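Chemist: Turn this into a structure:
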Amino acid sequence: MSKKTEQLRAEVCEILAEAEATDREEDEAFGADHRGDEVPAELARRETRIAKMREAMKAIEAEAKERAGAKALSKAERAGADQDEIAQAIKQAEDKATPPQRPSATSRSDSRIMKTADASFHYCYSGQAVVDEKSQVVLAGALSQQATDIDQLTPMIEAMDVELVLAGIEDHPKLLLADAGYCSNDNLEALAGGNLDALVATGRLSHDERVAAAPKGRIPKDATARQRMARRLRTKAGKADYARRKAIVEPVFGQMKVRQHAGHLRLRGLDGARGEWTLHLVCHNLRSLPTRVSSGDRRRVRGQKYPRVP
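Modeler: The predicted structure follows:
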């Protein structure tokens, strides 16, 4: 231990000596009261920063006028104009010249900033799909600009009903599975009053809404729609049904990403993005045609954010 202590003391002394030498070198180069990374004096105050920005703007505008004048001069000379006409063309071009504007991401498309699966934020659209359990055929799909899926549940159910009618399938699905992104009191109350049986994950419940892990007995009369759904999800049948959620729709999204390179939407604008998303769904269904759709199986609705390619 004594030898180790002496070795460590020697190393500390060496590090301190090196630090002092560095401090002396920096003091000689930048001064005793400076580190060398300070903001330049002309940029230290807001007024001087604004003045510098104005100078930069004037330089950019002057460059734009010079380019416009040179372009007008070349065009006038090719047209065989005289000196007065050339001078007038140059002046008009310089007066109208403006610096080039860089379009922002929002002006280039209708996408919105959304949080994606990797916990980062990107310009995205929200892709929706209702998938059949047995064949993994997409029964209905949509694309929206909304970051959350809450407002998409009812429209997707209605779209699914329309598609089933158009396909000549009269039997209504037995069960719809949806994740916590679709959970809201309005959605749960609408499902309770409709003809479609549904299991929607409730996510985290507030302290006054918590339900026992294995609730027993009758449901309290004052139970909220979220509490009623949470109780059902905790039953044996509810757990078994909801456990199938990922196996129904996740493979569909995975296959489209891997086989169709659908991880990003490449067309700009909402209309173009919707057309591209619909094309991906159609291509997936064409691959699934050998399997016949069974109308009586479970259905699963899912939403996912699709970044727009810069």
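Chemist: Shouldn't Ile248 be within a strand?
Modeler: No: judged by DSSP: H, G, I helix; E, B strand; the rest coil, Ile248 forms no part of a strand; its state is helix.
Chemist: Quick check: it touching Glu133?
Modeler: Yes: using CB atoms under 8 Å, Ile248 is in contact with Glu133, at 4.9 Å. (Each C-beta comes from the backbone N, C-alpha and C, glycine too.)
Chemist: what about Gly263, which SS state?
Modeler: Quick answer, by three-state DSSP: Gly263 is coil.
Chemist: what about the residue nearest to it when sequence neighbours are not counted, helix or strand, and which?
Modeler: Spatially, and ignoring its direct neighbours in sequence, Gly263 is nearest to Lys257 (4.6 Å; CB to CB, 6 or more residues apart in numbering). Here Lys257 sits within helix 245-259, counting by DSSP states H and E.
Chemist: ok now that helix, how far from the chain's centre?
Modeler: 19 Å (CA atoms, centre = their mean, to the nearest Å).
Chemist: now stretch 112-125
Modeler: Worked out by CA atoms, centre = their mean, stretch 112-125 lies 2 Å from the chain centre.
Chemist: export it as PDB, just CAs?
Modeler: What follows is stretch 112-125, C-alpha atoms only, in PDB (Å, rounded to 0.1, in the frame of the first residue of the first chain):
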ATOM      1  CA  ARG A 112     -46.200  17.500 -38.900                       C
ATOM      2  CA  ILE A 113     -43.600  17.100 -36.200                       C
ATOM      3  CA  MET A 114     -44.400  13.900 -34.300                       C
ATOM      4  CA  LYS A 115     -42.600  11.700 -31.800                       C
ATOM      5  CA  THR A 116     -41.500   8.400 -33.300                       C
ATOM      6  CA  ALA A 117     -40.800   4.900 -31.900                       C
ATOM      7  CA  ASP A 118     -37.100   5.800 -31.200                       C
ATOM      8  CA  ALA A 119     -38.300   8.700 -28.900                       C
ATOM      9  CA  SER A 120     -37.100  11.300 -31.400                       C
ATOM     10  CA  PHE A 121     -39.100  13.900 -33.300                       C
ATOM     11  CA  HIS A 122     -39.500  14.000 -37.100                       C
ATOM     12  CA  TYR A 123     -41.800  15.400 -39.700                       C
ATOM     13  CA  CYS A 124     -44.300  12.600 -40.100                       C
ATOM     14  CA  TYR A 125     -47.700  11.400 -41.100                       C
END
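Chemist: Enumerate the positions of it that are buried.
Modeler: Buried residues in stretch 112-125, counted by 16 or more other CB atoms under 10 Å: Arg112, Met114, His122, Tyr123, Cys124, Tyr125.
Chemist: Quick check: the second one touching Asp149?
Modeler: Just to be clear, that refers to Met114. No: with contact defined as CB under 8 Å, Met114 does not reach Asp149; the gap is 10.9 Å.
Chemist: Residue ranges in this protein under the pLDDT threshold?
Modeler: When residues are selected by pLDDT under 70, those of the chain lie in 1, 30, 33-47, 49, 100-109, 207-209, 213-215, 290-301, 305-310.
Chemist: could you check the angle helix 245-259 makes with the host helix or strand of Leu286?
Modeler: Using DSSP H and E, the element containing Leu286 is helix 270-287. Orientation check (axes from the mean of the first three to the mean of the last three CA atoms, to 10 degrees): helix 270-287 against helix 245-259 gives 100 degrees.
Chemist: can you give me the offset of helix 270-287 from its chain's centre?
Modeler: Using CA atoms, centre = their mean, the offset of helix 270-287 from its chain centre is 18 Å.
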